[in-house]
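Peer 1: give me a model of this one.
(one chain, ligands or ions: 1)
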Amino acid sequence: MNTITTPILDNVYYLGVNDRQTAKFENMWPLPEGVAYNSYLIVDEKTALMDTVKVTKIDGFLETLVNLLDGRKLDYLVIHHMEPDHSGCIKAVLELYPDMTFVCNAKAKGMLMDYYELEPENIIVVKDGDELELGERSLTFVNTPMVHWPESMVSYEKKDKILFSQDIFGGFGTLNGTVFDDEMNYKFLRDETRRYYSNIVGKYSKMAVRALDKVSKLDINIICPVHGLVWRKNPKQIIEEYTKWANQVPEDGLVLVYGSMYGNTEQMADTLARFLAEEGVKNIKVFDVSKTHESYILSEIWRYKGLILGSCTYNNSVYPKMYNLLHILEMNKLQNKVMGIFGSYGWSGGSVKDISEFASAGSFQVAETVVESKGTMKAKDVEELRKLAKEMAELLKA
Ligand code: FEO
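Peer 2: Numbers count the residues shown, from 1 in each chain. Predicted coordinates:
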């Protein structure tokens, strides 16, 4: 197989692969635009490979690695993160280069045994701030626990100010020829990048804020993450985006999600959305929880300040599809949200009670009026929805 090489700088190479075959990331989050797994190689007095790729993409990856090394041996394999989308080829790399030395932190060392039954003799276990000399270049390691796993760390190459950032600053979406930020319009990937952040990293936002704080103290010219674009023109842009998402700084707007079996709750949702528009709320997004995957709903909820949840009642409880969304939102510890609640029932309630309990357990600012309709929407329900819309608009403006 002939493979091309993509230099980032002299003797620093991108070795990424595009995955358009995997349907769902972590077998859960849809990948209609695919995903890229990025790895990097430094060729200096010593050679160092930064992470590998998912094992399903092993063939092209190993071929590129061997071509780039051009007969030289691999001295170091640096493991920043052990999730198998990046560690999947380490056994194969070890078979090719049995004398190489693993470089990782203590937590990753334990995971080498847990995931690959590897207890390498050649291993350097690094701590926060440790440095690895490669020749002209060197790598300094910075632990970033829980972004995304406990062993996660980044490394900083000080000669050219390159940050190898593992999952941090990553996104969904393959790199369709455009590897670098200056080769494409980022708007094209922004939604997929935010969806990645909210789906994968969002629940660890507190730790992400800490990691970003550590990273922001470095003078960075180039960011090389393990998913998404390599940022060489404007790394500040992705640092700002991630900082905003990690701090859950909301944009103006509102997401209304409903679950409906026979259209009664849906009619309430549409009525409420109209009243919100009349109250001046811009950027209203309405989702049917049975139709749109929670991956996309979560990403939009992450973005906007307002959240309204409405559900029909199913077996005396909230609708199961809404229950699933509530569970995902609960895991993600949403902050800085204004929330509204409505629902319907046939003979005994349950949905509004369940959503209200979810809201009380979180840190939402909840609108006082909660609308619960029996059967079809009646005139009094319409008036209550109007009241809820007004309260939401006021809370959003506050
Ligand atoms: Fe891309 Fe957490 O692995």
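
Peer 1: flag every residue of the stretch 151-300 of the chain that's near the ligand.
Peer 2: D167, V226, H227 (CB under 6 Å from any ligand atom). C-beta here means a position set from N, CA and C on the backbone, and glycine is covered the same way.

Peer 1: export these to a markdown table and tack on secondary structure?
Peer 2: Listed next are these as a markdown table, based on DSSP: H, G, I helix; E, B strand; the rest coil:
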| residue | secondary structure |
| --- | --- |
| D167 | coil |
| V226 | coil |
| H227 | coil |
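
Peer 1: just put these in CSV and tack on distance to G263, neighbour count and pLDDT.
Peer 2: Listed next are these as CSV, based on distance: CB to CB, whole Å; neighbours: other CB atoms under 10 Å; pLDDT from 0 to 100:
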residue, distance to G263, neighbour count, pLDDT
D167, 41, 27, 97
V226, 45, 27, 98
H227, 40, 27, 97
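
Peer 1: so which of those comes closest to the ligand?
Peer 2: Checking those against the ligand with CB to the nearest ligand atom, the nearest one is D167 at 4.5 Å.

Peer 1: confirm for me that that closest one is in contact with M146.
Peer 2: No: applying CB atoms under 8 Å, one finds D167 not in contact with M146, separated by 10.6 Å.

Peer 1: find the residues that touch each one of those two.
Peer 2: S152 (CB atoms under 8 Å, 6 or more residues apart in numbering).

Peer 1: and stretch 353-370, what's buried?
Peer 2: K353, D354, I355, S356, F358, A359, G362, F364, V366, A367, T369, V370 (16 or more other CB atoms under 10 Å).

Peer 1: residues in contact with the fifth one?
Peer 2: By CB under 8 Å, 6+ apart, the contact set of F358 is L309, L326, L329, E330.

Peer 1: gap between the top helix by length along the chain and the chain center?
Peer 2: Criterion DSSP state H: the longest helix present in the chain is helix 379-397. Here helix 379-397 is found 33 Å from its chain centre; the criterion is CA atoms, centre = their mean, to the nearest Å.

Peer 1: other SSEs contacting it?
Peer 2: Other helices and strands packing on helix 379-397, by 3 or more CB pairs under 8 Å, 6 or more residues apart in numbering; DSSP states H and E, are strand 251-259, helix 264-278, strand 304-311, strand 338-345, strand 365-374.

Peer 1: let's see 6 Å
Peer 2: helix 264-278, strand 338-345, strand 365-374 (3 or more CB pairs under 6 Å, 6 or more residues apart in numbering; DSSP states H and E).

Peer 1: K233 belongs to a strand, doesn't it?
Peer 2: No: using three-state DSSP, the secondary structure at K233 is coil, not a strand.

Peer 1: for it, which non-adjacent residue is spatially closest?
Peer 2: D182 (3.8 Å; CB to CB, 6 or more residues apart in numbering).

Peer 1: what of F61?
Peer 2: V53 (4.9 Å).

Peer 1: equivalent analysis for N234, please.
Peer 2: N234 sits nearest to D181 (CB to CB, 6+ apart), 5.9 Å away.

Peer 1: what's the angle from the longest helix of the chain to strand 338-345?
Peer 2: Helix 379-397 and strand 338-345 are oriented at 160 degrees to each other (axes from the mean of the first three to the mean of the last three CA atoms, to 10 degrees).

Peer 1: of all the residues in helix 379-397, which ones are buried?
Peer 2: By neighbour count on 16+ other CB under 10 Å, the buried set for helix 379-397 is 381-382, 384-386, 388-393, 395-396.

Peer 1: what do you get for stretch 124-135?
Peer 2: Quick answer for stretch 124-135 (16+ other CB under 10 Å): V126, L132, L134.

Peer 1: what distance do you get for the residue in the stretch 101-250 of the chain that the ligand sits nearest to to K321?
Peer 2: Nearest to the ligand in the stretch 101-250 of the chain, going by CB to the nearest ligand atom, is H148, at a distance of 3.8 Å. Using CB to CB, to the nearest Å, we find H148 at a distance of 27 Å from K321.

Peer 1: okay, these two: which has more neighbours?
Peer 2: The neighbour comparison of H148 against K321 (other CB atoms under 10 Å) goes to H148, with 22 against 17.

Peer 1: next, the contact list for that one, please.
Peer 2: Residues in contact with H148 (CB atoms under 6 Å, 6 or more residues apart in numbering) are D167, V201.

Peer 1: again with T369
Peer 2: Counting by CB under 6 Å, 6+ apart, T369 has contacts K387, L388, E391.

Peer 1: show me the shaky parts of this protein.
Peer 2: Applying pLDDT under 70 to the chain flags residues 1-2.

Peer 1: got the domain boundaries for it?
Peer 2: Structural domains assigned to the chain are 3-246, 251-397, following automatic domain parsing.

Peer 1: picking up where we left off before, out of the helices and strands packed on helix 379-397, which is closest to P120?
Peer 2: strand 338-345 (50.1 Å; CB to CB).
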